[in-house]
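Asks: Let's see this in three dimensions:
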Amino acid sequence: MTVLDVKAAVASLRTQLLGSRVANVYDLDPKTYLIKTAKAGTKTLVLLESGIRFHSTAFMRDKSNTPSGFSLKLRKHIRTKRVEEVRQLGVDRVVAFTFGAADEAVHLILELFAGGNIILVDHTCTILALLRTHTDESTGAKTAVREIYPMEGAENRKISPELLLTAIKNGAQNEKASIKDTLSRELDYGPALVEHALVGAGIDQKRKAASLDASEQAEEFQKLLQNFSEVDAMIDSLSAEGKVVPGFIVRKNDQPDSVYDDFGPVPLRQFEGRAVESFESFDKAMDAYFTVAEDKKLEQQKQQQQKAVVSKVERVRKAHEEQVRALEEEQEQNFLRARLIEHNLADVDNAILVVNSLLADGTDWNTLKKLVKEEARKGNPIASLIHSLKLATNQVTLLLTFGLDYMEEDEQTLPVTAVDVDLGVNAYNNAQGYYQYKKKVALKADKTLAASEKALKGASRKAKEELKKVDTKASIQQIRKTHWFEKFIWFISSENFLVLCGRDAQQNEQLVKRYLNKGDIYLHADIHGAAAHVIKNHTADAVPPLTLAQAGLSCVCRSAAWDAKMVTSAYWVHPEQVSKSAPTGEYLSTGSFMIRGKKNFLPPNPLVMGFGLLFKVDESCLAHHVGERRIRGQGEKESEAGSVRGSVVGTEEGQLSGGEEMEEIEEEEGEAG
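Replies: The predicted structure follows:
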C-alpha cells in the first residue's frame, strides 16, 4: 500500500468503525488478524495483515482453531472497548487504532513498511505486545516490549520549487539514477504517485535525473511542479471528514475479464488504456482485490496438495513395481544359471574336482589362485572356465555359455555368464539348487505382488480421503446478510407468512413488545415449555387457516408435549388481547403475558416437524414458480400477486411490519412441517 492508499483506507474505515465496540479478535495466520466490531446492529470485520494491508471485509475466512498468544493478548486489552480513533501517523505507512479513552486507552499500531509489524501499546505508548522485535540500524531504536513507541509520524512535506530543485540536484549526483527513482527516494509520494506526475508532465520515467534542467524557469520543471501540486491537492481531498473515498481496480490490459493488476483511490495516469473497475468505496476495492488474490493462492495451494497426494500413490506404485521387477529378473537369472550348469555338466564337474583335489593336497589359497591363472594362460580349458575363487564361502565362479552352435546370431556377441558353483556338491546338485531358489523367488514375487495390490488399495483409499479433505477445506466465502428475524427461531409458512418464536423468556418478551403489531397473530399453548409464537401479517387480510395451523403445530412441538408424545392444541389471539398488566396482587415473570378475552383454540394435530431449505430463484425462472406459495382458497389472480412479487417477509417497499428494513426477497423457498 502507498501513502495515498493508507490515507484513503483510513478515511473509509473511520466512517465504519468510530463508535463501534470490539466483539472479538481472531488470527487467520501468524501475520493476519481479524477484528470483529459491532455498532447499532451492524457488524464489521476489519482485516489487518502485517506489512501488507488493512481494510474491512465482506468475506469470511478460515480462522485458527486455537487462538495464538498474540491474539489472546489483543482480546484481553481491546475486546468490548469502543473504537475511538483511526488515524495515519504523519505521512508514514503506519496506522494507529485507538480503543477506549483516557487511562484505559490502548493503541493498536499497524506498520506497512519493510517487514511490517502489529504493535499494542498502552495510553503512555509503552509497548505491551508485538509480532516481532527489531532494532533500527540507522537510529539504534529498539522496538520491544516495555519500550516506548514513537507515535509522532513524519510531517507531510508539500511540494515547493525549493524542495523539487533539491531533490533533482541530489539525484543528479548519481549519473546512473533515473528521475523516477530519484524523486521516489527524495520526496514523500512513493513510486506510483511520482510516476503519475511524470506522465502528466510528459517526462520519461527512465530518463536520467542528471539530464533534467534543474532551474525554476525550465518548462519541464514547471510542468513537473504543477503535477506534484495536483498530487498534493488529491491527497488533501482524501482527508475530508465523513467523505466516502471511491476505489478503483486496474486490470492487466484493456480486456474487462483480465486479471487484477493494481488498486487505488484515484485512477492514475500510467494506467490509462487499461480496463478499470469502480467501487463505491476504496475499502471495498481493496477487499475485492485482495480476496481475488487470496482465492487464487488458496486454489494454488489446493492444487499443490492434490498433486502431493497423487504423487504419494505414484511413489508407492513405482516402488512396488520395481520390487516385483527385481524379483522377476532374479528368477530369470537363476533359471539361466541352472540351464548353463546343465549344458556344461562335465566341465563343471571337472572344475569342482580339480579345485577340490588341489585343496585336499594342502595347496595354499593364494598359491591355488596363481596356479589357476597360470594354467589359464597356457590354454587349459578347465582353468579357462574359472573366473574367480570364493574359497571363504566354499564356492568358485565359472564363466559358462551355451556354445555358438546353440545360440542365435544376436546372442553370440553377448558376454558369458558368471555362475557361482558350490564346491561341496556336484554339477547336477548345483543346477537343482538354482531351480529351487528360482521357485522360492517366484513365490516371494507372488506374495509381493499380492501385498503391493493391497498396499496400493490402502494408499488409494487414504489418498481419496485426503483429497476429500482438501476439497472440503472452506475457501473465502462472502458473508451473507443477516436479517433481523434470524436471532429468533423462525420459519416461513406454506402461504408465505413469517412465523417467529422466542428462544428464551427474554426473546419472548422482546418479540411481543417490539415486533407484535396490529394485524399480527399471537400464538401460545396451555402446556409447560410452550414458546410464544408471532405470525407477521404482511397483507391487509386475515391470516389464513393453514398458516395458523402450521404456527400452532410449531408451538405445541416446542413444548413438553413433544417428549410426552401428547397431542394437544395451541390457541391464537389478536395483539390487543396480549397484555403485560397482571391482575392485582399477581406478578408476571419475564416472557409471560396476560391474555384477555376469547382464546381461539386450533384443532389438535400429530406432533410432526420438518425442515426446509431457503433459496432465491433467479429472475429468469420466476414464471415457473408462479402460485407455488399462494394463499390457499384465494383466486388465481390474487395468489399470483401475493406469491411471486410479494416478499415472504416484507411489503413491496421492503419495510417490515416489525419496524426493521431489509431488501425485498423475491420467491424465497422454505417449508415447515
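
Asks: Shouldn't residue 307 be within a helix?
Replies: Yes: residue state for residue 307 (DSSP: H, G, I helix; E, B strand; the rest coil) corresponds to a helix.

Asks: any idea how far it is from residue 318?
Replies: 16 Å (CB to CB, to the nearest Å). No exception for glycine: its C-beta is placed from N, CA and C like everyone else's.

Asks: One more: residue 21?
Replies: Taken as CB to CB, the span from residue 21 to residue 318 is 59 Å.

Asks: ok, the two, which is more surrounded?
Replies: Ranked by neighbour count (other CB atoms under 10 Å), residue 21 and residue 318 place residue 21 first, with 15 against 10.

Asks: Apart from its chain neighbours, what residue comes closest to the more buried one?
Replies: Ranked by CB to CB, 6 or more residues apart in numbering and with sequence neighbours excluded, the top spatial neighbour of residue 21 is residue 82, at 5.3 Å.

Asks: Run a quick neighbour tally on the one you found.
Replies: There are 17 residues near residue 82, going by other CB under 10 Å.

Asks: and it, backbone torsions?
Replies: phi -90, psi 140 (degrees, to the nearest 10).

Asks: try the one 5 residues further on
Replies: Backbone geometry at residue 87, expressed as degrees, to the nearest 10, gives phi -150, psi 160.

Asks: How many neighbouring residues does it have?
Replies: The number of residues packed near residue 87 is 15, by other CB under 10 Å.

Asks: Tell me what it is bridged to.
Replies: Note on residue 87: beta-bridge partners residue 96, judged by DSSP bridges.

Asks: thinking again about what came up before, residues in contact with the residue nearest to residue 21?
Replies: Residues near residue 82 by CB atoms under 8 Å, 6 or more residues apart in numbering: 19, 20, 21, 99, 100, 101.

Asks: For the second one, give me its contacts.
Replies: The reference is to residue 20. Listed by CB under 8 Å, 6+ apart, the contact set of residue 20 reads 37, 38, 39, 42, 44, 82, 83.

Asks: Repeat the analysis, applying 7 Å as the threshold.
Replies: Neighbouring residues of residue 20 by CB atoms under 7 Å, 6 or more residues apart in numbering: 37, 38, 39, 44, 83.

Asks: who wins for neighbours among those?
Replies: Neighbour counts for the contacts of residue 20 peak at residue 83, which has 25 neighbours (criterion: other CB under 10 Å).

Asks: which SS class is it?
Replies: Following three-state DSSP, the label given to residue 83 is strand.

Asks: oh, and call the first residue 260 from now on, that's how I've got it
Replies: Renumbered: residue one is now 260, and that last one reads residue 342.

Asks: tell me the pLDDT at it?
Replies: On pLDDT, residue 342 comes in at 94.

Asks: go on, residue 365?
Replies: For residue 365, the model assigns a pLDDT of 95.

Asks: For it, list each beta-bridge partner.
Replies: Beta-bridge partners for residue 365, by DSSP bridges, are residue 358, residue 381.

Asks: and the gap between it and residue 273?
Replies: Residue 365 is 18 Å from residue 273, by CB to CB.

Asks: And residue 513, by the same measure?
Replies: Counting by CB to CB - residue 513 and residue 273 are separated by 35 Å.

Asks: same question, residue 656
Replies: Taking CB to CB, one finds residue 656 at 89 Å from residue 273.

Asks: now residue 705
Replies: From residue 705 to residue 273 the distance is 76 Å (CB to CB).

Asks: The two: which has the busier surroundings?
Replies: Legend: neighbour count by other CB under 10 Å for residue 705 and residue 273, higher for residue 273 (16 against 12).

Asks: Next up, the contacts around that one.
Replies: residue 345.

Asks: List phi and psi for it.
Replies: phi -60, psi -40.

Asks: helix/strand/coil for residue 849?
Replies: Assigned with three-state DSSP, residue 849 falls in the coil class.

Asks: how near is the residue nearest to residue 280 to residue 699?
Replies: Computed as CB to CB, the residue 341 to residue 699 distance reads 82 Å.

Asks: Export the helix or strand encompassing residue 369 to CSV, keeping only CA atoms.
Replies: Using DSSP states H and E, the element containing residue 369 is strand 365-370. Written as CSV, here are the backbone C-alpha positions of strand 365-370 (Å, rounded to 0.1, in the frame of the first residue of the first chain):
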residue,chain,number,x,y,z
VAL,A,365,-4.8,1.3,24.2
HIS,A,366,-3.4,1.7,20.6
LEU,A,367,-3.0,-1.0,18.0
ILE,A,368,-0.4,0.1,15.6
LEU,A,369,-0.1,-1.5,12.1
GLU,A,370,3.2,-0.9,10.2
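
Asks: and the direction of that strand versus that of strand 342-347, what angle?
Replies: Counting by axes from the mean of the first three to the mean of the last three CA atoms, to 10 degrees, strand 365-370 lies at 30 degrees to strand 342-347.

Asks: what about strand 365-370, distance to the chain center?
Replies: With CA atoms, centre = their mean, to the nearest Å as the basis, strand 365-370 stands 26 Å off its chain's centre.

Asks: give the contact list for the closest residue to residue 748 other than its chain neighbours.
Replies: Closest residue to residue 748 apart from its sequence neighbours, by CB to CB, 6+ apart: residue 760 at 4.0 Å. If you count contacts by CB under 7 Å, 6+ apart, residue 760 has them with 747, 748, 749, 790, 792, 813, 817.

Asks: quick one: contacts for residue 487?
Replies: 418, 423, 456.

Asks: same check, this time on residue 293
Replies: Contacts of residue 293 (CB under 7 Å, 6+ apart): 285, 287, 304, 306, 322.

Asks: Among the residues you listed, find me the one that's closest to residue 753.
Replies: Closest approach between the contacts of residue 293 and residue 753, by CB to CB: residue 304, at 36.3 Å.

Asks: State whether that closest one is indeed within a helix.
Replies: No: the assignment for residue 304, made by three-state DSSP, is strand rather than a helix.

Asks: contacting residues for it?
Replies: Contacts of residue 304 (CB under 7 Å, 6+ apart): 293, 295, 315, 316.

Asks: same thing but at 8 Å, please
Replies: 293, 294, 295, 296, 315, 316, 317, 319, 738.

Asks: same deal with residue 613?
Replies: 641, 642 are the contacts of residue 613 under CB under 8 Å, 6+ apart.

Asks: Which parts of the stretch 710-859 of the chain are strands?
Replies: Counting by DSSP state E, counting those that start in this stretch, one finds strands in the stretch 710-859 of the chain at the ranges 736-737, 748-751, 757-760, 780-783, 792-795, 830-832, 837-838, 853-854, 859-860.

Asks: re earlier: what does the model give the residue nearest to residue 748 for pLDDT?
Replies: For residue 760, the predicted pLDDT is 94.

Asks: How about the one 3 residues further on?
Replies: Each residue has a pLDDT score; the one for residue 763 is 89.
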